[in-house]
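*Asks:* Any chance you could fold what I've pasted below:
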Amino acid sequence: MTEPLALTYYSDVLCVWANIAQPRIDEVGEHFTDTVAIDYRLCSVFGDTAHKIGVGWAGRGGYAGFAQHLHEVVAGFDHVTLHPDIWQRNAPVSSTPAHLLIKAVQRVDKRQCRAVLQALRVAFFERCLDISKRSVLIDTLEAVGVPVDAVQAQIDNGMAFADLEADRREQQLLMVQGSPTIILNEGRQKLYGNIGYKVIEANIRELLRSPVAGAASWC
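*Replies:* Okay, here's the model as predicted:
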């Protein structure tokens, strides 16, 4: 039996573009259920939001300017909802706690990774909750139905930290620039940013058409 095609998806949970792109990844999962295996990885774009936004956007209005930018971005996407006070209230100091939680969830039940990731996005983007806080992370796990103690055990024993470091190491090796990024064909094909579904689909279909390991793709 042929192994499914590997699609590695790098994102930061606080990245609005990853939130926008998620339905396209979901569509891949629906259309290529038996032929594509989606592997969720994390990359740090908002690991230090005080630097990313407070310093990086200091000349453009800081957190208020960044929030306005996000509202302008999502205005063109009907499937994305932003809380009016996004980044103005309960602003997370880092995406790392949420990323660590997701790696722990993958250890406990990998099938729940997508659900937890999306629940964290809803908590932040739609409900304006601080997902860098432990209480919010626990509430998210309970809402999805993932056992909190089992997830905490994977954090306490260090495995979630090791897995997050592995994501960082692979990100550097694959030269992943940011969030969101799709990796195909063992790193030979890289789709970064706001990429439409048809482009993603074309790359996948070409690889499925020529499944020989190491073969060049026309995409």
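*Asks:* what about the spatially closest residue to His31 that is not a sequence neighbour, distance to Val28?
*Replies:* Once flanking residues are discounted, His31 sits nearest to Glu201: 7.3 Å by CB to CB, 6 or more residues apart in numbering. The way it works is simple: take the backbone N, C-alpha and C, and place the C-beta from them, glycine included. Between Glu201 and Val28 the computed distance is 7 Å (CB to CB, to the nearest Å).
*Asks:* More neighbours: the two, which one.
*Replies:* Val28 (21 against 15; other CB atoms under 10 Å).
*Asks:* Just say helix, strand or coil for the more buried one.
*Replies:* Secondary structure, DSSP: H, G, I helix; E, B strand; the rest coil: Val28 is helix.
*Asks:* how about it, what does it touch?
*Replies:* Listed by CB atoms under 8 Å, 6 or more residues apart in numbering, the contact set of Val28 reads Leu7, Val36, Ile38, Tyr197, Ile200, Glu201, Ile204.
*Asks:* Show the model's pLDDT score for it.
*Replies:* With respect to pLDDT, Val28 scores 97.
*Asks:* do the same with the one 5 residues further on
*Replies:* Model confidence at Thr33, given as pLDDT, is 94.
*Asks:* do the same with Arg188
*Replies:* 91.
*Asks:* The one 3 residues further on too?
*Replies:* Note on Leu191: pLDDT of 97.
*Asks:* May I have the beta-bridge partners of it?
*Replies:* Per DSSP bridges, the residues bridged to Leu191 are Ile182.
*Asks:* With Ala6 instead?
*Replies:* In this structure, Ala6 bridges to Ala37 when assessed by DSSP bridges.
*Asks:* State whether the residue nearest to His31 is indeed within a helix.
*Replies:* Yes - assessed by three-state DSSP, Glu201 belongs to a helix.
*Asks:* circling back: what is the nearest of the contacts of Val28 to Gly56?
*Replies:* Ile200 (28.8 Å; CB to CB).
*Asks:* What number of residues are in the vicinity of that closest one?
*Replies:* 19.
*Asks:* pLDDT weak spots in the protein?
*Replies:* Filtered on pLDDT under 70, the chain yields the residue ranges 1, 211-219.
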